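S.K.: Let me see the structure of the following:
(one chain, ligands or ions: 2)
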Amino acid sequence: MNELITDIDIIGQDSENENYIAQFKGTPRHITNAKKLYIESYGCQMNFSDSEIVTSIMQKQGYGTTQIAEDADVIFINTCSIRDKAEQTVRRRLSQFKAIKKRNPEVTIGVLGCMAERLKIKLLEEEKIVDLVAGPDAYRDIPNLLQEVEDGQKAVNTFLSREETYADISPVRLNSNGVTAFISIMRGCDNMCSFCVVPFTRGRERSRDPHSIVQEATDLFQKGFREVTLLGQNVDSYKWSSEETLTSKAQIERNGTENYISFAQLLKMVAEVDPLLRIRFSTSHPKDITDDVMYTIKSYHNICNYIHLPAQSGSSRILKLMNRTYTRDWYLAKIWSIRDILGDDCGISSDMISGFCSETEGDHQETLSLMDEVKYDFSYMFYYSERPGTLAAKKYQDNIDLSTKKRRLQEIITKQQEHALVRNQQSLNKVHQVLIEGYSKRSQEYLQGRNSENKVVVFPKGNHQKGTYVDVLVTGCSAATLLGEAV
Ligand code: SAM
Ligand code: SF4
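M.R.: Ligands and ions are numbered 1, 2, ... in the order given. Below you'll find the model as predicted:
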């Protein structure tokens, strides 16, 4: 059945963007309900969350989703630029799509996200099968871009906005377990960590209207979800003012208004949706997390006792070069505040980079010794990958050879595995409240979920149901998992 789509609503764009959209503004088009979208996502949780926004926009255009690329009318690949390896993965995937395009030249292939933003029109030149390129702030424009493609042209929109938060778009949950979901609370990043491409690919930081966040959390709860993770590159710098034009942190600071919602206040608002709705958040920047946030976690049992606080390095010299704006001692002081306020049980995880420009063996040893001091429950660990256009690429030499980067990374990974085991052993013989997410990966006789500290807990299924809470006595563990029995 054909249906007339009239609701291509483009709001919240900056003037630059409006100019651009005007070029693409077309008449509403006729589409068929039978059209199918295949969407594949790479990179961080933000990207997965964005794919849900894109799917919602496409659904309004009459597209259903398919999990089989060969069946699709439109193939979108939502990309990551954070490391060169991530981009190479996308390029390999695009070359696999060539066979599909050859068999069905009508299929539209679009590249979305950070790689689209970084490479812009160059991506069309380098990857001939790509028809459409859309950056992270251009998703509302996708219907117009698809029209361009249908009219026989290649289509690009990589303008970054200062206001876009997609606040009014209700994401279509993809690959959902029906229990846990992500909610984007802000976009972009104003920090300039010298290694990082994100400020260039995702633009300036802006916070989303808290009422739309609470509404999304409420809707999810009513649909049976029991855990939401509030997402942003730097959630602790969330700031929102009710004055319509005053949405960015910089604007609020310039205008000196006291009248804004902070991240701690937002946490309270979401925690009050329902005591049975668990709240997590990611990522915290050590320079911005406040005691107020920690006391808020402490005062609401449904805000999880877990903080992801990336250190990146244990050497103050390297942290300075990375422009992280804190020293090793300052970072450790934050860790001790967390332990003081939230107790030794509080789950703490990190991101670590090995082999940043000029990193010596001594600097590397400081990273290992920082890990010894903190004993993280979990870490995401990488070796440094120079990204074009970043401050580090402009100012410093990427002078640590690959084998050294990899050897240091392996030492960091080994250390992390030891600490994860030690931390998990501290959970033994204690009862943990677990939110059940589904069957264990290994056996349908077992269920798995997470405790408040974000550790995976596996236990015999009994009569327990997905989406409910159960108390589990932990009786065994590995570095990755806690094992136990419901009590
Ligand atoms: N905003 C978060 C923060 O500040 O911690 C995380 C952003 S980034 C998507 C996730 C992680 O990727 C970073 O914390 C960092 O460890 C890693 N990363 C970023 N740029 C990198 C690079 N050029 N090479 C290696 N790892 C990188
Ligand atoms: Fe990148 Fe630093 Fe922003 Fe995180 S805080 S996204 S690492 S620039």
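S.K.: which intervals of this structure have sub-threshold pLDDT?
M.R.: Where the chain drops to pLDDT under 70, the residues are 1-33, 243-258.
S.K.: near ligand 2, which residues of it?
M.R.: Cys189, Asn191, Cys193, Cys196, Val198, Pro199, Gln233, Asn234, His285 (CB under 6 Å from any ligand atom). C-beta: built from backbone N, CA, C; applies to glycine.
S.K.: now, which of those residues sits nearest Ile68?
M.R.: Distances from Ile68 to the residues of the chain next to ligand 2, taken as CB to CB, are shortest for Val198 (31.9 Å).
S.K.: Quick check: nearest residue in space to that closest one, chain neighbours excluded?
M.R.: Excluding the flanking residues, the one nearest Val198 by CB to CB, 6 or more residues apart in numbering is Cys189, at 5.0 Å.
S.K.: State the helix or strand in which the one you found lies.
M.R.: Here Cys189 sits in a region with no helix or strand, counting by DSSP states H and E.
S.K.: same question, Val214
M.R.: Following DSSP H and E, one finds Val214 within helix 210-222.
S.K.: Residues in contact with the next helix or strand after that helix: which ones?
M.R.: Remark: after helix 210-222, the chain's next helix or strand is strand 227-231, criterion DSSP H and E. For strand 227-231, contacts defined as CB atoms under 8 Å, 6 or more residues apart in numbering pick out 45-46, 49, 179-185, 213, 216-217, 220, 266-267, 270, 277-282, 435.
S.K.: let's see it at 6 Å
M.R.: 45-46, 49, 180-185, 217, 278, 280-281, 435 (CB atoms under 6 Å, 6 or more residues apart in numbering).
S.K.: re the thing from before, which secondary structure elements does the helix holding Val214 contact?
M.R.: Other helices and strands packing on helix 210-222, by 3 or more CB pairs under 6 Å, 6 or more residues apart in numbering; DSSP states H and E, are strand 180-184, helix 263-271.
S.K.: What is the most widely separated pair among the contacts of strand 227-231?
M.R.: The most widely separated members of the contacts of strand 227-231 are Met46 and Leu435, with 22.5 Å between them, by CB to CB.
S.K.: who's more crowded, the two?
M.R.: Legend: neighbour count by other CB atoms under 10 Å for Met46 and Leu435, higher for Met46 (25 against 21).
S.K.: all helices of the stretch 101-250 of the chain, in order?
M.R.: 114-119, 122-126, 142-150, 198-202, 210-222, 249-255 (DSSP state H, counting those that start in this stretch).
S.K.: Pick the most deeply packed of these.
M.R.: Of all the helices of the stretch 101-250 of the chain, helix 114-119 has the most neighbours on average by mean count of other CB atoms under 10 Å, namely a mean of 25.
S.K.: picking that back up, just send the helices and strands packed on helix 210-222 back as a markdown table, with distance to Arg423 and mean neighbour count too.
M.R.: Formatted as a markdown table, the helices and strands packed on helix 210-222 follow (distance: least, CB to CB, whole Å; neighbours: other CB atoms under 10 Å):
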| stretch | distance to Arg423 | mean neighbour count |
| --- | --- | --- |
| strand 180-184 | 22 | 22 |
| helix 263-271 | 24 | 21 |
